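> build me a model from this:
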Amino acid sequence: MKSSLRKKFKAIDLFAGIGGMRLGFEKAGFEIVYSNDIDRYACQTYRANFGEIDEKDIRSVDPLSVPDFDVLLAGFPCQPFSLIGKRDGLDDPRGQLFNEVVKFLNVRKPRAFVLENVKNLIRHNKGETYKFIKSALEKAGGGYYVTEQILDSKDFGVPQHRERIYIVGVKYPHKPFQFPRKSPVDREPRLKDILEKKVPEKYYLSQKYYEGLLAHKERHATKGSGFGCEILNPKGISNTIVSGNMGRERNLIQDKPVSINKWGVRKLTERECARLQGFPDNFKIPVSQTQAYKQFGNAVSVPVARGMAKTLKRYLRRQDSSKSKVDLPIVVPKRASSYA
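You can find the predicted model right below:
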């Protein structure tokens, strides 16, 4: 029993992106034995920081070909369920990639899984999309106890308001899974703590472009909407960083005046975006500026992944030491909705 309690849990990292989920789980003591993503630029960044990654289409990967693992990790494509775009959900081919997660669960039957997606997944198609997804996960691989909660990155030590849904499934639960709570910190994270001291002029908006943004914001204001650019309070936190230009324009910084912008208004640098997602400064960024913004905008926040990993590890350790295991399905105590 002692040796089983000391063993390092192994995980696979599907739809791995640039490795935010991996980094968080590694920090909590997990070993990642297989990674996969089809985006060649994401793979370039992942490979530069972690070594090899399988770049094949996940639909062509035989689940029996990957090494043994205890936990499946996946940040399956979120664009079909986002508030931005067409929101086609499971009708979008990217949304159907969720089926590949189910395939791995059916074939390999790991002890647990952790999935991450946009907050809107829970409400998409009036809740019917998530109802379908949860039902499929509960039936996969002989049955899982599945629960979900929305977690905000700002509660885990980074100054970014970023709400994402985390879905956890466990086999033979000995008790309901409890999600990590807000990380204890000496003080609330502040944007000023992650800003670079010296920023090249290329990050500053041109006078003409910024004036156009202000005019656009004013037009929306007269219509009673809050759309448009936003300058952040350095003593506060950022809005959610996303992969497109719109997200950058809602996360502007005002510091020193420069020749092209008398107000000193600029966008966040790639490294600042990395810090907002909890990536360490030694994390390599080998891609173009455009790709880097896209990658950090799509990434899993490292501190949230670490919090999830630490909580899941404790749960699995206690499950191993438990004398009795509960047959599925487990009765979950009623609690307030975490996605109201």
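
> can you tell me which residues contact the residue nearest in space to the middle of the chain?
Computing the C-alpha centroid of the chain and ranking residues by Cα atoms, centre = their mean puts Val300 first, at 2.5 Å. Counting by Cβ atoms under 8 Å, 6 or more residues apart in numbering, Val300 makes contact with Gly17, Gly20, Met21, Gly24, Gly75, Glu116, Arg164, Gln277. Yep, even glycine has a C-beta here, placed from its N, CA and C like the rest.

> now secondary structure too, for the residues you listed, in JSON lines please.
Conversion of the contacts of Val300 to JSON lines gives the following (DSSP: H, G, I helix; E, B strand; the rest coil):
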{"residue": "Gly17", "secondary structure": "coil"}
{"residue": "Gly20", "secondary structure": "helix"}
{"residue": "Met21", "secondary structure": "helix"}
{"residue": "Gly24", "secondary structure": "helix"}
{"residue": "Gly75", "secondary structure": "coil"}
{"residue": "Glu116", "secondary structure": "strand"}
{"residue": "Arg164", "secondary structure": "strand"}
{"residue": "Gln277", "secondary structure": "coil"}
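
> just those residues now: which is nearest Val287?
Checking these against Val287 with Cβ to Cβ, the nearest one is Gly17 at 12.4 Å.

> so in this structure, where's the weakest helix or strand by average pLDDT?
Using mean pLDDT, DSSP states H and E, helix 2-6 stands out as the lowest-scoring helix or strand of the chain, at a mean of 56.

> next secondary structure element downstream of that one?
The helix or strand immediately downstream of helix 2-6 is strand 10-14, counting by DSSP states H and E.

> buried sites along that next one?
By neighbour count, and taking 16 or more other Cβ atoms under 10 Å as the criterion, the buried residues in strand 10-14 are Lys10, Ala11, Ile12, Asp13, Leu14.

> repeat for stretch 254-268
So, applying 16+ other Cβ under 10 Å, buried residues of stretch 254-268: Val258, Ile260, Asn261, Trp263, Val265, Arg266, Lys267, Leu268.

> pull it out as PDB, backbone CA atoms only.
Included here for stretch 254-268 are C-alpha records, laid out as PDB according to Å, rounded to 0.1, in the frame of the first residue of the first chain:
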ATOM      1  CA  GLN A 254      -0.800  53.800 -20.500                       C
ATOM      2  CA  ASP A 255       2.700  54.600 -19.400                       C
ATOM      3  CA  LYS A 256       5.300  56.900 -20.900                       C
ATOM      4  CA  PRO A 257       4.600  59.100 -24.000                       C
ATOM      5  CA  VAL A 258       6.500  58.100 -27.200                       C
ATOM      6  CA  SER A 259       6.900  59.700 -30.600                       C
ATOM      7  CA  ILE A 260       4.000  57.800 -32.200                       C
ATOM      8  CA  ASN A 261       1.600  58.200 -29.200                       C
ATOM      9  CA  LYS A 262       1.600  61.300 -27.000                       C
ATOM     10  CA  TRP A 263      -0.600  59.500 -24.400                       C
ATOM     11  CA  GLY A 264       1.800  56.600 -24.100                       C
ATOM     12  CA  VAL A 265      -0.900  54.000 -24.900                       C
ATOM     13  CA  ARG A 266       0.300  50.500 -25.800                       C
ATOM     14  CA  LYS A 267      -0.700  46.900 -26.000                       C
ATOM     15  CA  LEU A 268       0.600  44.200 -23.700                       C
END
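
> residues in contact with that stretch?
With contacts defined as Cβ under 8 Å, 6+ apart, stretch 254-268 is touched by 195, 199, 201, 203-207, 210, 231, 238, 241, 248-249, 251-253, 276.

> got any ranges where the protein has weak pLDDT?
In the predicted model, the chain carries pLDDT under 70 at residues 1-6, 78-96, 184-186, 224-226, 244-247, 323-340.

> how much space separates the residue of it most remote from its centre from Ile231?
Here the chain reaches farthest from its C-alpha mean at Ser259, the gap being 37.2 Å by Cα atoms, centre = their mean. Using Cβ to Cβ, to the nearest Å, we find Ser259 at a distance of 19 Å from Ile231.

> quick one: contacts for Ser322?
Contact criterion Cβ under 8 Å, 6+ apart gives His174 as the residues in contact with Ser322.

> cutoff 10 Å now
If you count contacts by Cβ atoms under 10 Å, 6 or more residues apart in numbering, Ser322 has them with Tyr172, Pro173, His174, Lys175.
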